[in-house]
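**Q** build me a model:
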Amino acid sequence: MATNISDHSVLNNGVKMPWLGLGVWKAKDGEEVTGAVRSAIESGYRSIDTAAVYGNEVGVGEGIRQAGIDRDQLFITTKVWNADQGYDSTLKAFDESVKRLGIETLDLYLIHWPVKGKYVETWRALEKLYRDGYVRAIGVSNFHTHHLEDLRQNSEIIPAVNQVEFHPLLTQKELLAYCQENGIQMEAWSPLMQGNLDHPLLVELGQKYGKSPAQIIIRWDLEKKVVTIPKSITPARIAQNADVFDFSLSAEDVEKINALNANKRFGADPDNFNF
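**A** Residues are numbered from 1 along each chain as shown. Down below sits the predicted model:
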């Protein structure tokens, strides 16, 4: 049970990954994302999640440097984009990402989407980066169970993380169970449903616990042992999203939130995406 912002999950290779991190999707490069990263680190966050396609790795790196925290205290994630997938092109994309970030070793490198016919070769490149010591852990994003099974049969290293769309309207029960049974840490992107927080139950539970609906969702993620990376560029909201370690939801309330599942996606389905 996560009771402090410094608490972490232990990945299947022994690397420690914070339960809470800052997501920076759609945060503009430059001062917007730099300020968000700096504010998050000042608020106690130690995990920052970006991606090559976000176009803000330079600003993320600047925020890290401005925060003045020792690099070994931070957990930095980025992802290889679809157009760069394949063995050689992934290795090149990795070099470009760490150069933009201004760091030598990455904590977690993910395949952003399961591009058919390419993600197995892309995974081979990630395995090389891991074995050569350039990445502390490797994983995937937006992989269904069948994608994970395909990797398992065609690779040597099991992904440490699967970052997927996960929130009260999309609980992915079977995928979560598969990941937990196979030592793959589930991580939630868009945990706050892109701002769609006005569901009566979430409002009611917020009043019950003296928290915002966003804080209720983040706590629910943690109760389900799902790493979560809510996005914000507002310092007050970034701090508020981290104020979730002084309470826990009852088992009954966790089940009530589970029951909101409607298999509702705000993003693309990993079996049907065109980018």
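**Q** just the strands in the stretch 101-250 of the chain please.
**A** Taking DSSP state E, counting those that start in this stretch as the criterion, the stretch 101-250 of the chain contains strands spanning 106-111, 135-141, 161-165, 185-189, 227-228.
**Q** export those as JSON lines, with columns for distance to residue 272, mean neighbour count and mean pLDDT.
**A** C-beta: built from backbone N, CA, C; applies to glycine. JSON lines is the format used below for the strands of the stretch 101-250 of the chain (distance: least, C-beta to C-beta, whole Å; neighbours: other C-beta atoms under 10 Å; pLDDT from 0 to 100):
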{"stretch": "strand 106-111", "distance to residue 272": "17", "mean neighbour count": "25", "mean pLDDT": "98"}
{"stretch": "strand 135-141", "distance to residue 272": "16", "mean neighbour count": "24", "mean pLDDT": "98"}
{"stretch": "strand 161-165", "distance to residue 272": "13", "mean neighbour count": "25", "mean pLDDT": "98"}
{"stretch": "strand 185-189", "distance to residue 272": "18", "mean neighbour count": "24", "mean pLDDT": "98"}
{"stretch": "strand 227-228", "distance to residue 272": "25", "mean neighbour count": "27", "mean pLDDT": "98"}
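**Q** so which of those strands gets nearest residue 20?
**A** With respect to residue 20, and counting by C-beta to C-beta, the nearest of the strands of the stretch 101-250 of the chain is strand 227-228 at 6.1 Å.
**Q** contact partners of the closest one?
**A** By C-beta atoms under 8 Å, 6 or more residues apart in numbering, the list of residues contacting strand 227-228 from outside reads 9, 17-21, 161, 185-188, 191, 218, 221-222.
**Q** ok, residue 142 touching residue 115?
**A** No. Taking C-beta atoms under 8 Å as the contact criterion, residue 142 and residue 115 are not neighbours in contact, 10.3 Å apart.
**Q** shaky segments in the stretch 1-150 of the chain?
**A** Judged by pLDDT under 70, the stretch 1-150 of the chain has no weakly predicted residues.
**Q** if we go to 90?
**A** Within the stretch 1-150 of the chain, the stretches falling below the threshold (pLDDT under 90) are 1.
**Q** show me where it has helices.
**A** For the stretch 1-150 of the chain, helices defined by DSSP state H, counting those that start in this stretch occupy the ranges 31-42, 57-67, 87-101, 119-131, 145-153.
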